[in-house]
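# A structural model of the following input is requested.
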Amino acid sequence: MPRRAVSQAPSRFGEFLQARLAEVDRTPAEFAAEAGMSVSHVYQLLRGDRADPRSTTFHKVAVALGMSDAALAHAVYSEGAPARAPTGPATPVDKATFFAIMSAFPSGVTVVTTLDDAGQPKGLTCTAICSLSADPPLLLVCIDRRSSTLDALRYSGRFVVNYLSAGRGELSNRFASREPDRWANLAWRPTRHGLPWLHRDTLAYAECVMVSETDGGDHVIVVGRVDGGQPPAPGTQPLMYFRRGYGAWRDQVRGA
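Presented below is the predicted three-dimensional model:
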């Protein structure tokens, strides 16, 4: 019997599937396992050896891609939809766009403090901070490579995360600036290990020992183990940062 003619180019469906697998960095074998299909079946779809898939196959592909059948059909066959996703290296967004995107995420505001080799206090404002692990208790902070606080932190091996209270936007701006004497007329108390705790301007603090640092572009990602501190007292409110402006926390939000 004559052999069935084989398509010499991927179908529109095959092109779309090929592009999506490349986009999510999945091999045909990995996708086949997720979709409950044979590897040879997936390769046939990619090459265009088969006509457009039957409804059962179409549904399996949609589920494995995290799409509804309707969304997959629209993406593949709608008028003007690209047959193939753009290829080549992705281009990062510009700084202005990146900052605008990140400003949509509200956060608290902290000042990370430590002591330098002369025993002088150092610090900088930091919103890029989060908990990392509960056992052991770890958090991470992202420190600007250009900051003198980073050198002091490396020397000390310890630091304090001061969680600023509501209404302390001016203090946040001071520690975010290049002002040479940020500590002028600023009250602080030493922690158990002698580090600066901004006790009048914070609702909580965490004292940490530095356990690692990792490259993070123009910042250094510092991981600290929390071995001291003070949680917030009832009724205290944090300083919030959202869309490049300061705000206050509301205890109740309708519709939340």
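
# where is the longest helix in the protein?
Criterion DSSP state H: the longest helix present in the chain is helix 12-23.

# buried residues in that one?
Neighbour counts over helix 12-23 (16 or more other C-beta atoms under 10 Å) mark Phe13, Gly14, Glu15, Phe16, Leu17, Gln18, Ala19, Arg20, Leu21 as buried. Where you see a C-beta, it was placed from the backbone N, CA and C, and this is true even at glycine.

# who does the helix or strand in which Glu170 is found touch, helix- and strand-wise?
Using DSSP states H and E, Glu170 sits in helix 169-176. Where contact means 3 or more C-beta pairs under 8 Å, 6 or more residues apart in numbering; DSSP states H and E, helix 169-176 is packed against strand 110-115, strand 121-126, strand 239-242.

# so which of those is nearest Tyr155?
The closest of the helices and strands packed on helix 169-176 to Tyr155 is strand 110-115. By C-beta to C-beta, the value is 8.2 Å.

# could you check the angle helix 169-176 makes with the closest one?
Put simply, strand 110-115 runs at 50 degrees to helix 169-176, going by axes from the mean of the first three to the mean of the last three C-alpha atoms, to 10 degrees.

# any idea of the mean pLDDT for strand 110-115?
Average pLDDT, strand 110-115: 97.

# and if you look at stretch 12-21?
Stretch 12-21 comes out at a mean pLDDT of 84.

# helices of this structure, start to end?
All helices of the chain, identified by DSSP H, fall at 12-23, 28-35, 39-47, 55-64, 69-77, 95-102, 148-156, 169-176.

# give the contact list for the closest residue to Thr27 other than its chain neighbours.
Distances taken as C-beta to C-beta, 6 or more residues apart in numbering place Leu21 nearest to Thr27, at 7.4 Å, with adjacent residues excluded. With contacts defined as C-beta atoms under 8 Å, 6 or more residues apart in numbering, Leu21 is in contact with Thr27, Pro28, Phe31, Leu46.

# could you identify which of these has the most neighbours?
Neighbour counts for the contacts of Leu21 (other C-beta atoms under 10 Å) peak at Phe31, which has 21 neighbours.

# which one of the buried residues of helix 12-23 is nearest to Thr57?
Using C-beta to C-beta, Phe13 comes nearest to Thr57 of those, at 9.8 Å.

# still on that earlier bit, mind giving me JSON lines with the helices and strands packed on helix 169-176 and columns for mean neighbour count and distance to Leu186?
Below are the helices and strands packed on helix 169-176 laid out as JSON lines (neighbours: other C-beta atoms under 10 Å; distance: least, C-beta to C-beta, whole Å):
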{"stretch": "strand 110-115", "mean neighbour count": "26", "distance to Leu186": "10"}
{"stretch": "strand 121-126", "mean neighbour count": "23", "distance to Leu186": "9"}
{"stretch": "strand 239-242", "mean neighbour count": "19", "distance to Leu186": "16"}
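
# re earlier: chain center to the longest helix of the chain, what's the gap?
Put simply, helix 12-23 sits 27 Å off its chain's centre (C-alpha atoms, centre = their mean, to the nearest Å).

# show me the shaky parts of the stretch 51-200 of the chain.
Within the stretch 51-200 of the chain, the segments meeting pLDDT under 70 span 51-52, 79-89.

# got the contact list for stretch 164-182?
108-111, 123-125, 186, 198, 201-203, 236-241, 246, 248-249.

# hmm, back to that, the helix holding Glu170 versus strand 121-126: what angle between them?
110 degrees.

# and the strands in the stretch 101-250 of the chain?
Along the stretch 101-250 of the chain, counting by DSSP state E, counting those that start in this stretch, strands occupy 107-108, 110-115, 121-126, 129-134, 137-144, 158-164, 189-190, 196-197, 202-216, 219-230, 239-242, 245-248.

# could I get these as a markdown table with distance to Ala73?
Output for the strands of the stretch 101-250 of the chain, formatted as a markdown table (distance: least, C-beta to C-beta, whole Å):
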| stretch | distance to Ala73 |
| --- | --- |
| strand 107-108 | 40 |
| strand 110-115 | 48 |
| strand 121-126 | 47 |
| strand 129-134 | 40 |
| strand 137-144 | 42 |
| strand 158-164 | 50 |
| strand 189-190 | 64 |
| strand 196-197 | 60 |
| strand 202-216 | 41 |
| strand 219-230 | 42 |
| strand 239-242 | 39 |
| strand 245-248 | 43 |
